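K.L.:
Give me a model of this one.
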Amino acid sequence: MRITKDWIDTLSKGATIADLGCGRLTNKNLFGDLKTIYIDGAKFEGIDITCDFSKKIPLRSSCLDGLLCSNVLEHLPHPQMCFDEIFRTLKPGGQSLILVPFIIKLHQQPYDFHRYTKYALEKYARDAGFSRIEIREVGGFSNIIGTILKVAKRNASSPFESFALQLQSLIFRLHRKIYDDGSPSVEMPQGYSMFLSK
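P.N.:
A predicted model of the protein is given here:
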């Protein structure tokens, strides 16, 4: 949320943006007075456009000042088309923020197709026409270990295993509180934030 809010704050007042893969409008409170077009593959309340965004997005070319694509690309079987469409719909000077997981559990099955390295993300963006690309790591070991322990506790096969995992979680939370500075890991990030300018 913080990354998204910080990016939104860089956009001009009154900018026209799209929230591609907006779901149940979870980012709506962040957009303020920006003219926002909500686009998703499912028909949720408040959605402006329902479409398959692994294909052409029904927006005219060069109409957007900004486009947010948060935790969407891993669900697209052919992501290059989405990158191409982001480039096409942005105005010259337009910006896009793309957020993707790297180390995360399976989700929204069976539509969970990819995990991207920063090198794959850069290649897709360059192939779409972007030349101004910045990719930052998001999260690190503590985020990943915390998620693994949560999933493991949910799937414990015995009371003893559940107790052992609960104890590990307690030790981990204590370690995190004392030693973790929250820095993202370059070698093993939880995900990536990608900033594109046309």
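
K.L.:
From the contact counts, what lies against the longest helix anywhere in the chain?
P.N.:
As assigned by DSSP state H, the longest helix anywhere in the chain is helix 159-179. On a contact count with 3 or more CB pairs under 8 Å, 6 or more residues apart in numbering; DSSP states H and E, helix 159-179 meets helix 141-154. All C-beta atoms are positioned from the backbone trio N, CA, C, and that covers glycine.

K.L.:
Report the angle between the helix it packs on and helix 159-179.
P.N.:
Here the directions of helix 141-154 and helix 159-179 differ by 160 degrees (axes from the mean of the first three to the mean of the last three CA atoms, to 10 degrees).

K.L.:
Now do the longest helix of the chain: distance to the chain's middle.
P.N.:
28 Å (CA atoms, centre = their mean, to the nearest Å).

K.L.:
what does stretch 22-40 give?
P.N.:
Mean C-alpha position of stretch 22-40 versus that of the full chain (CA atoms, centre = their mean) differs by 14 Å.

K.L.:
Could you do stretch 94-114 as well?
P.N.:
6 Å.

K.L.:
For the protein, which segments count as strands?
P.N.:
16-20, 35-40, 49-50, 64-70, 90-101, 132-138, 191-197 (DSSP state E).

K.L.:
Pull out the buried residues from the second one.
P.N.:
It refers to strand 35-40. 36, 37, 38, 39, 40 (16 or more other CB atoms under 10 Å).

K.L.:
Next, the contact list for residue 85, please.
P.N.:
Residues in contact with residue 85 (CB atoms under 8 Å, 6 or more residues apart in numbering) are 53, 56, 57.

K.L.:
most centrally placed residue in the protein?
P.N.:
Centroid-nearest residue in the chain, with CA atoms, centre = their mean: residue 99, separated by 2.6 Å.
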